[in-house]
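Asker: the sequence and its predicted three-dimensional model are supplied below.
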Amino acid sequence: MAEKTKIVEVVPYDPAWKKEFIRLRDFLLEITGDLIIAAEHVGSTSVEGLSAKPIIDIDLVMESYGNFPEIVQRLSQHGYVHQGNLGIEGREAFRREQEDGFMKYHLYVCPKDGKGYLEHIALRDYMRVNPAAAREYEEVKLKLSEQFRDNIDAYCEGKTEVVHSILRKAGHMI
């Protein structure tokens, strides 16, 4: 099971997040680069100016599940454990067993047409070009992080409505 965030903390945007993503992406491409078609920075840390939990979300995108067994094998050789989809279709989660010198991150492997991946990209891209949507999302996250400081499940559940609203505005059907 994924390690749950014990304290929900939303902090102001940090330009270092982009640099950390690049460092992490380059490391993961060394392991899986010939098996994936893209490595995407997703989640709130990928939207400049947006406050976020200081956790990088990265999607390694594969053509199809045909390469997935080899991806799992390679990642496992570098200390990653496959956790399944954790309830999100089209998104396979991995966790690193040991400290690796990166800031905290969530690693997902997704097929290019997977629901989880497509939602990650739609949400990120819409907020990047629609500052009002990003601010609305930020306000909800800040409020929820204060209200549910020690309950990540309630925090995530509380964001669902605004996330779905933004995805609808982005033209992404839920």
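Answerer: Looks like it arrived, so ask away.

Asker: going by C-alpha atoms from here, please, whenever you check contacts or count neighbours.
Answerer: Fine.

Asker: next, name the residue at the spatial heart of this protein.
Answerer: What sits nearest the mean C-alpha location of the chain, by Cα atoms, centre = their mean, is D57, with 3.0 Å.

Asker: bridging residues for that one?
Answerer: Counting by DSSP bridges, D57 is bridged to V42, H106.

Asker: tell me the pLDDT of it.
Answerer: pLDDT recorded at D57 is 97.

Asker: what residues are up against it?
Answerer: H41, V42, G43, T45, Y105, H106, L107, Y108 (Cα atoms under 8 Å, 6 or more residues apart in numbering).

Asker: any chance of the residues you listed in a markdown table with distance to V129 and neighbour count as columns?
Answerer: A markdown table is the format used below for the contacts of D57 (distance: Cα to Cα, whole Å; neighbours: other Cα atoms under 10 Å):
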| residue | distance to V129 | neighbour count |
| --- | --- | --- |
| H41 | 16 | 23 |
| V42 | 14 | 22 |
| G43 | 15 | 19 |
| T45 | 15 | 25 |
| Y105 | 24 | 16 |
| H106 | 24 | 17 |
| L107 | 25 | 20 |
| Y108 | 24 | 24 |
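
Asker: show me the two of these that sit farthest apart.
Answerer: Spatial extent of the contacts of D57 (Cα to Cα) is set by the pair T45 and Y108 at 15.1 Å.

Asker: what sits against the nearest residue to A170 once chain neighbours are set aside?
Answerer: The shortest distance from A170 to any non-neighbouring residue, by Cα to Cα, 6 or more residues apart in numbering, is to Y126 (5.8 Å). Neighbouring residues of Y126 by Cα under 8 Å, 6+ apart: A133, I166, L167, A170.

Asker: from E119, how far off is the second one?
Answerer: Look at I166 and E119: by Cα to Cα, to the nearest Å, they are 10 Å apart.

Asker: other SSEs contacting the one helix or strand I22 maps to?
Answerer: Assigned by DSSP states H and E, I22 belongs to helix 16-32. The contact analysis (3 or more Cα pairs under 8 Å, 6 or more residues apart in numbering; DSSP states H and E) places helix 16-32 against strand 38-42, strand 56-62, helix 68-77.
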